[in-house]
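> let me see the structure of the following:
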Amino acid sequence: MRRAPSSETSVDGRHQPAAPERFLQRNQPPGVPPLALTGERTLPDVPAENYWFRRHLVVYEWIAARVAGRNVIDMACGEGYGSALIAEHAASVVGVEANPETYEHARLRYRAPNLRFERDLIETFAERAEVIVCLQTIEHVRDPEGVLAHFATLAQEAFVSTPNVLTLAPAGAQHSGNPFHLREYTPEQFSALCAGAFAEVHMLGLYHARKLRAHELALRLGFERAHRALRMTRPFYERFTPAISTRDFALRQARAPRELARSLDLIAHCRR
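Next comes the predicted model:
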């Protein structure tokens, strides 16, 4: 979604003033230390973060349904929830994560016979697989061309996603201001980047649906001004954001370039 004009109008709790404990994972299993939300990666079990978590999770769900019985590497797997979801369908999954705290959390929290986690950089992890998954990461790396070329040496197929700068950043800006993003991409730029490493690239977009679409329309009709005047912004979003589900997003292939330009995130399905 486009960044809201004020932090209090965003469903992204990360941009709302709040006590630090709001940004710590809740209800973790015994022996699993909770992670704190830093803005670099999304986390489950943080109600104020639920919009971004579901926005990521819906793409993992879509991919999981397409890799049944296959060997998968989840590059930059973060907290591990996506690797665990894919492992419910795939023959085997390796989650690769460089951050030591995040890697240890994933290793302790998510356990299955066909799932393991490795602490390594996506640039240097060299195990081969049938499919590579790398979501919301390419915008963080210094050499995206080199990373995608490396992926193409490891697997025949890859799923890669990134936020769409046209809807993430203010209108006309080339960057959203997220300090963790080194470069953000338009649909054309992202497609060309992936085509530099893979012979076939099919682009899809992620969009708001159901109550998020209704919320989007309400903002256009002046809902923001009304709830701010009534001082109901915080109470509304404290209820609305945790209630968001993956069904409030739609992932589809764009019928025209103009439609892809309106997407929230860009998903490239790549084949060598």
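> can you list the strands that the helix or strand where Ile267 lies pairs with?
Ile267 is part of strand 265-271, with elements assigned from DSSP states H and E. Here strand 265-271 has these sheet partners by DSSP bridges: strand 157-163 (antiparallel), strand 200-208 (antiparallel).
> tell me which other helices or strands the longest helix along the chain touches.
Scanning the chain for the helix with the most residues, using DSSP state H, yields helix 50-64. In terms of contacts (3 or more CB pairs under 8 Å, 6 or more residues apart in numbering; DSSP states H and E), helix 50-64 is packed against helix 81-87, strand 131-135, strand 157-163, strand 200-208, strand 249-252, strand 265-271. Quick note: C-beta positions are derived from backbone N, CA and C, even for glycine.
> count the neighbours of His116 for me.
For residue 116 the amino acid is Arg, not His. By other CB atoms under 10 Å, the residues close to Arg116 number 16.
> helix/strand/coil for it?
strand (DSSP: H, G, I helix; E, B strand; the rest coil).
> which one is it nearest to, not counting chain neighbours?
Once flanking residues are discounted, Arg116 sits nearest to Val94: 5.8 Å by CB to CB, 6 or more residues apart in numbering.
> could you check how far the residue lying closest to Leu204 once chain neighbours are set aside is from Asn27?
Distances taken as CB to CB, 6+ apart place Ile267 nearest to Leu204, at 4.4 Å, with adjacent residues excluded. From Ile267 over to Asn27 the distance is 30 Å, taken as CB to CB, to the nearest Å.
> contact partners for the nearest residue to Val165 once chain neighbours are set aside?
Of all residues not flanking Val165 in the chain, Glu184 sits nearest, at 3.8 Å (CB to CB, 6+ apart). The contact partners of Glu184, by CB atoms under 8 Å, 6 or more residues apart in numbering, come to 139, 162-163, 165, 168-169, 174-176, 178.
> what's the model's confidence in the strand holding Ile267, averaged?
Per-residue pLDDT values across strand 265-271 average out to 97.
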